[in-house]
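# Would you be able to build a 3D model of this:
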Amino acid sequence: MNNKYINIYNNLVNLTRNKELYKNFFQQDTFSDRLIFFLFHFAFFLKVFKKNNKKDILQEIYDEIFKYFELTIREIGYGDVTINKKMKNYLNIFHLILDQISNWEDESDSSKSRILSNFLDTEIKTSNLIIYFDNYINNLSNNTLNFYIKGVVKDKF
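Reported below is the predicted structural model:
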């Protein structure tokens with residue numbers, strides 16, 4: 001497997017582990033919620049970098065990230081049939097997220113809240129998540145794609 005984009009994957013995983021994302025969950029956060037946050041991070045990543053980068057590079061990144069994503073699910077212990085089904089579901093969710101966030105910057109906070117609530121399993125206060133993702137987009141916009149390819153980012157938004 002090509003490890004050219006492993007740092008991007010590691011960055012996304014690192015950001016998904018940010019405890020601030022889960023502080024307003026009324027119940028324990030779930031594995032599914034963590035995967036959804038991963039998909040949101042990756043969707044915003046692609047959204048920001050598609051403006052100034054070649055589509056073939058972003059397609060390579062997309063392919064590699066989902067290969068790593070699948071391997072992670074396999075390491076948890078799911079079988080082949082389950083993994084295929086779950087990957088299909090996660091890809092569909094990812095594309096729905098991409099569609100929903102296409103005009104994120106122009107959306108009102110209530111629309112952003114609705115978008116986040118549509119994908120998360122639990123009823124949570126989303127204002128901190130809106131601020132978090134707005135800051136994340138700003139951080140992505142202030143860096144180059146190469147910055148994320150070359151190293152693992154430790155920032156918390």
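# Output the lowest-mean-pLDDT helix or strand in the chain as CSV, nothing but the C-alphas.
Counting by mean pLDDT, DSSP states H and E, the chain has its least confident helix or strand at helix 145-150, which shows a mean of 86. The C-alpha coordinates for helix 145-150 follow below in CSV (Å, rounded to 0.1, in the frame of the first residue of the first chain):
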residue,chain,number,x,y,z
LEU,A,145,-2.0,20.8,0.9
ASN,A,146,1.7,20.0,1.1
PHE,A,147,1.7,21.1,4.7
TYR,A,148,-0.7,18.3,5.6
ILE,A,149,1.0,15.7,3.4
LYS,A,150,4.4,16.3,5.0
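# Quick test: name the residue nearest the centre of this protein.
residue 41 (2.5 Å; Cα atoms, centre = their mean).
# from the chain's centre, how far out does the host helix or strand of residue 86 sit?
Using DSSP states H and E, residue 86 maps to helix 80-100. Distance of helix 80-100 from the chain centroid (Cα atoms, centre = their mean, to the nearest Å) equals 13 Å.
# tell me which residues of it are tucked away?
86, 87, 90, 93, 94, 97, 98, 100 (16 or more other Cβ atoms under 10 Å). All C-beta spots, glycine's among them, are computed from the backbone N, C-alpha and C.
# Out of the residues you listed, which one has the weakest pLDDT?
Ranked by pLDDT, the buried residues of helix 80-100 bottom out at residue 86, which has 84.
# Would you check that it makes contact with residue 78?
Yes. Shown here, residue 86 and residue 78 form a contact pair, counting by Cβ atoms under 8 Å, at 6.6 Å.
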